[in-house]
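Colleague: Model the structure of this input:
(2 chains)
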Amino acid sequence: MRVILIAALLAVLAGCASAPMSQEQPPAGVEDRSPGAGGVQSQGVEGRGVTGVDLTGRKSAGMSLLTDPSSILSKRSIYYDFDKFDVKDEYKPMIEAHAAYLRDHPEAKVLIQGNTDERGSREYNVALGQRRADGVKKLLLLLGAKEDQVEAVSLGEEKPKAQGSSEEAYAQNRRCDILYKGEY
Amino acid sequence: MQSLFVRWISRAVALLSSLLLLVALPAQAQLSIEITGAGANRIPIAIVPFPGEAALPPGITSIIRADLERSGLFRGLEVPPLMPQPTEASNVDYAEWRSRLADALVLGSVAARPDGRYEVRFRLFDVVKQTPLGGVAYTLAKDQARATAHRIADYVYEKLTGVRGVFSTRIAYVVKRANRYELQIADSDGADEETALASLEPIISPAWAPNGKRLAYVSFENKKPVVYVHSLLDGKRHVVANFKGSNSAPAWSPDGAKLAVSLSRDNGSQIYLINPDGSGVRRLTYSSAIDTEPFFSPDGQFIYFTSDRGGSPQIYRMPASGGDAQRITFDGTYNVSPRVSPDGKSLAYIARNSEGKFQVALLDLTTQQVQILTDSDRDESPSFAPNGRMILYATVIDGRGVLSAVSIDGRVKQRLTVNAGDVREPAWGPFIQ
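Modeller: Got it, this is the predicted structure:
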């Protein structure tokens, strides 16, 4: 029984570990608004047990690409002013270079991660980071990248590059990062 | 400032399954609760140690007293050793208890049964009216002593205040220590915490299913926000929403049949309904703005949410099936994280004031009166106790993430901290059924 449980857990973890760029979850069924549809299974609960799941032993995916420091493609970060999400002109050549790379390498894919500083609601900051990442994605598509090459996601305030509550730290954290497949 | 630390060193290893033992989660950190404000008129109550309770460490009556005092509505009286020790069956000398300034009295006893279990009996008395208010007998295993004490505290609280107690409920929260995140579940007094999920990537926005058996939350373990539903008893978890883009802000419908979530799959963060198994996704909002942080009204008729469609983030309300949204907050330029009270009459949220402080606000949905309940400046993620009397929230004190709780009148205040870590993202669970 224990072995089966472990196998099931590993299967779940393996499923979770698939790359975020992989296709969307299976097509959803027809909308069903009847109460209880897909809903809560009530089963007897003995005691108040909580069974833990540990993900801390997982390794992050290895290899990185496009990292030659002399290449503009090694530049990956776009910084923003407070409460802003428009891409400043200084970052346009870098984004153009990434769009050209994606045009020339149709198999290449990128993940754009939007970030915010720590002030305010975590969930609202997820949405703000998403708006920044969506802006970079839109530019890449305008410049020739294909929709299926670019995913824009948000890390909100959850993965600050700089710690602390100073304006310097906040400026570092209002940021989008471009990651190529294999780097995340 | 009255200071009272409640610290229990009980571990619930026996409750964890073989699965957990094999993944070997490290030692836990206890939540400590400090009372930093109390109600104006606390009921003086004498809780006489139950003869025989030494067999059930740390004792029944100490937990009852700590629960009641933590609510801010009771003051436990010191009771000198009495001979003979009174029990629930004793005749009560009301005049004597009145002379000790008690308004209420709890007497009880603990007896070992031949089958190895225990019987706990108690009776509650109104000393002023000189009348018994009732009592209960429980049969329990030794490891149910704390749960039984919480039930007795719930009984006393409800009899004397007319409001259902929440001492038997649980809270969920996230502890961050170094680069490690743990989603933990603890009793409402911070005791017996257990780790439901440990990860090296952030976990945010836990939301209890109405039956208290599952949690929805957002995990960044795949380098982006993905919504999961996690069964607490067996640790099984599954993806609810992992669409292209970000998937976030889960909220359960009151019948547990649907989740409202914020998805960016169709460009921009918008609100969708989805079944807890990940099927049946349906878009509810169609704005070009940010729409996020959905929260159902307790009757299931409405969804409150945060949107910047008017130029700044404010709280709106729409029918739970979608449709025209009505703006709810008007003061200030940043009002987020709406949570409707269990009775549906008020709305807790986070307001940023003119000094840039983020504080817990309470809006009376009938009178439109707004009250700021806290004086801290980095408040987040409010969560009502299931009886609606307290609001649990995250804040930052001296650079550390802590949880605090405040009564809806702003008088009673508690602070919950862990050693060497940040606590955040609290969610108060439902009544135990």
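Colleague: Quick check: closest non-adjacent residue to residue A:176.
Modeller: Distances taken as CB to CB, 6 or more residues apart in numbering or on different chains place residue A:78 nearest to residue A:176, at 4.5 Å, with adjacent residues excluded. Backbone N, C-alpha and C define where each C-beta goes, glycine included.
Colleague: was I right about the one you found contacting residue A:136?
Modeller: Yes - counting by CB atoms under 8 Å, residue A:136 is a contact partner of residue A:78 at 6.2 Å.
Colleague: how about low-confidence regions in the chain?
Modeller: Since you didn't name a chain, this refers to chain A. Applying pLDDT under 70 to chain A flags the ranges A:1-48, A:57-65.
Colleague: wait, chain B
Modeller: Across chain B (using pLDDT under 70), the flagged ranges come out as B:1-30.
Colleague: and whichever helix in chain A runs longest, C-alpha only, in PDB?
Modeller: Using DSSP state H, we find that the single longest helix of chain A is helix A:122-142. The C-alpha trace of helix A:122-142 is given here as PDB (Å, rounded to 0.1, in the frame of the first residue of the first chain):
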ATOM      1  CA  ARG A 122      -0.100  39.900  -3.700                       C
ATOM      2  CA  GLU A 123      -2.900  39.000  -6.100                       C
ATOM      3  CA  TYR A 124      -3.200  42.500  -7.500                       C
ATOM      4  CA  ASN A 125       0.500  42.400  -8.000                       C
ATOM      5  CA  VAL A 126       0.200  39.100  -9.900                       C
ATOM      6  CA  ALA A 127      -2.200  41.000 -12.300                       C
ATOM      7  CA  LEU A 128       0.200  44.000 -12.500                       C
ATOM      8  CA  GLY A 129       3.200  41.800 -13.300                       C
ATOM      9  CA  GLN A 130       1.000  40.000 -15.900                       C
ATOM     10  CA  ARG A 131       0.200  43.300 -17.600                       C
ATOM     11  CA  ARG A 132       4.000  44.100 -17.800                       C
ATOM     12  CA  ALA A 133       4.700  40.700 -19.300                       C
ATOM     13  CA  ASP A 134       1.800  41.000 -21.700                       C
ATOM     14  CA  GLY A 135       3.300  44.300 -22.900                       C
ATOM     15  CA  VAL A 136       6.600  42.700 -23.800                       C
ATOM     16  CA  LYS A 137       4.900  39.700 -25.400                       C
ATOM     17  CA  LYS A 138       2.900  42.100 -27.600                       C
ATOM     18  CA  LEU A 139       6.100  43.800 -28.700                       C
ATOM     19  CA  LEU A 140       7.700  40.500 -29.600                       C
ATOM     20  CA  LEU A 141       4.700  39.500 -31.600                       C
ATOM     21  CA  LEU A 142       4.600  42.800 -33.400                       C
END
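Colleague: what about it and chain B, any contact?
Modeller: Yes - using CB under 8 Å from any CB of the partner chain, helix A:122-142 comes into contact with chain B via A:122, A:123, A:124, A:126, A:127, A:128, A:129, A:130, A:131, A:134.
Colleague: Which residue is the nearest non-sequential neighbour of the first one?
Modeller: I take that to be residue A:122. Closest to residue A:122 by CB to CB, 6+ apart is residue B:204, at 5.2 Å.
Colleague: sec struct for residue B:125, please.
Modeller: What DSSP: H, G, I helix; E, B strand; the rest coil gives for residue B:125 is strand.
Colleague: residues touching it, list them.
Modeller: B:92, B:94, B:97, B:104, B:105, B:106, B:107, B:131, B:132, B:133 (CB atoms under 8 Å, 6 or more residues apart in numbering or on different chains).
Colleague: Work out for me the element the fifth one sits within.
Modeller: When elements are defined using DSSP states H and E, residue B:105 is found to belong to strand B:104-112.
Colleague: Identify each buried residue in that strand, please.
Modeller: B:104, B:105, B:106, B:107, B:108, B:109, B:110 (16 or more other CB atoms under 10 Å in any protein chain shown).
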